[in-house]
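Task: produce atomic coordinates for the following.
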Amino acid sequence: MNLGENIHNAFEVVNKTHENVEKLIEFCRVMAAEKKEFDLMSPKFLRYKSDSDYWGWNIRWMFLLFQDTQDELLENGWRDGPIYVLEILLYDPDGYYETNEPRVEMAKFEYEDIKHFSPGVSAASYYYFADPLYDVDYEEIEDEILVAEMPEEMTQKYWGVKRVVCKVSLLVDIDYENAYDVIFGTFKILKDK
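Take a look at the predicted model:
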């Protein structure tokens, strides 16, 4: 196989992967609407995208934001409770985890005061959720559930986030039959952590 065929095949794999991720994202949107347990707070997935940086040409992670429908709806459109974050990470060149396999991370972000948030969230606001997931030390509390209390400088920088509780699963372990339980079932578990 020559270099041109390798590049073509690599893009075929990336495109097929993005197609499957789109199906997972759409599944989450539909399930949130049908089950009415969690509201989708980000109509578009959050991600890093840039014309001037080649990393921005390659979407390697996506974030969807949800909130529990049992939490009080505020005037700003948010609910008075944690934000549940679904991160889909396809490529981790920094080697943050022991494996480089694509994964999903379900997380609960607890805030000082969500009542003062601006309405809505832009797709470019991904770093408000990516940085607290990766720039702190986590402690395992039980069954692969991790928790981190945010240092004051992170609380001030990232919308007042005080604490993050999360769990990671491999993306390849999720299929149509278990996707709801893996994602939204984990959100339900994290509610009490």
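
What is the longest helix of the chain by residue count?
helix 3-35 (DSSP state H).

Mind checking the pLDDT average for that helix?
Helix 3-35 shows a mean pLDDT of 93 in the predicted model.

same thing with stretch 123-136?
On average, stretch 123-136 scores 87.

What residue, apart from its backbone neighbours, is nearest the most centrally placed residue in the chain spatially?
Most central in the chain under Cα atoms, centre = their mean is E87, positioned 2.2 Å from the mean C-alpha point. Leaving aside its chain neighbours, E87 sits nearest to E105 (4.3 Å; criterion: Cβ to Cβ, 6 or more residues apart in numbering). (Each C-beta comes from the backbone N, C-alpha and C, glycine too.)

Name all residues that make contact with that neighbour.
V85, L86, E87, L89, L133, C166, K167, V168, S169 (Cβ atoms under 8 Å, 6 or more residues apart in numbering).

in a helix, that's where the last one is, yeah?
No. Checked against DSSP: H, G, I helix; E, B strand; the rest coil, S169 lies outside a helix; its state is strand.

I'd say it and V104 touch.
Yes. Counting by Cβ atoms under 8 Å, V104 is a contact partner of S169 at 5.3 Å.

Overlap of the contact sets of those two?
The contact sets of S169 and V104 overlap at V182 (Cβ under 8 Å, 6+ apart).

Tell me which of those two has more neighbours.
V104 (22 against 16; other Cβ atoms under 10 Å).

Which SSE is immediately downstream of the strand or helix carrying that one?
Taking DSSP states H and E as the criterion, V104 maps to strand 103-111. Stepping forward along the backbone from strand 103-111, the first helix or strand reached (DSSP H and E) is helix 127-134.

Now do that next one against strand 103-111, angle only.
110 degrees (axes from the mean of the first three to the mean of the last three Cα atoms, to 10 degrees).

and the strand holding V104, which strands flank it?
strand 83-89 (antiparallel), strand 161-170 (antiparallel) (DSSP bridges).

Next, the buried residues of stretch 109-116.
F109, E110, Y111, I114 (16 or more other Cβ atoms under 10 Å).

between those residues, which is nearest L74?
Set against L74, the nearest of these by Cβ to Cβ is I114 (7.1 Å).
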